[in-house]
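Novice: Sharing a sequence plus its predicted fold:
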Amino acid sequence: MIDFEIPEDARAIRDKVRKFVQEECIPAEETCNADNFEAVKTELRNKARNQGLWCPFIPVEHGGMAYAPWQMHWFKWNLEKVSLVPCR
């Protein structure tokens, strides 16, 4: 039988990314315009770094989080909800 339960570490990733998108990305997207785009993007990048959400696919020794492809799903799934994403 296949176990479809989401592992605890994956749930933690999912919840953390979801919270970041809801509390940081969506409000930033609502106030972002051509005049403040770079400042808003820089602020989001800094917040992502401070919350441990920066470069999830990059090895730890290079400043990333070294998440596996299945863990990356939770990033991608939540980040699809916004167009202003700090890693772009």
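Specialist: That came through fine.
Novice: what about A48, how many neighbours?
Specialist: 20 (other Cβ atoms under 10 Å). Just so you know, the C-beta spots here come from the backbone N, C-alpha and C atoms, and that holds for glycine as well.
Novice: wait, doesn't it sit right on V21?
Specialist: No: between A48 and V21 there is no contact under Cβ atoms under 8 Å: 10.5 Å.
Novice: C25 against V82, yeah?
Specialist: Yes: in terms of Cβ under 8 Å, C25 counts as a neighbour of V82; the distance is 4.5 Å.
Novice: Tell me which of the two has more neighbours.
Specialist: C25 (24 against 17).
Novice: I'd like the distance between the more buried one and Q71.
Specialist: 19 Å (Cβ to Cβ, to the nearest Å).
Novice: Check E38 too.
Specialist: Where Q71 is concerned, E38 sits at a distance of 30 Å (Cβ to Cβ).
Novice: So these two - more neighbours on which side?
Specialist: Q71 (17 against 10).
Novice: Surely that one is in contact with F57?
Specialist: No: contact criterion Cβ under 8 Å: Q71 and F57 do not qualify, at 9.1 Å.
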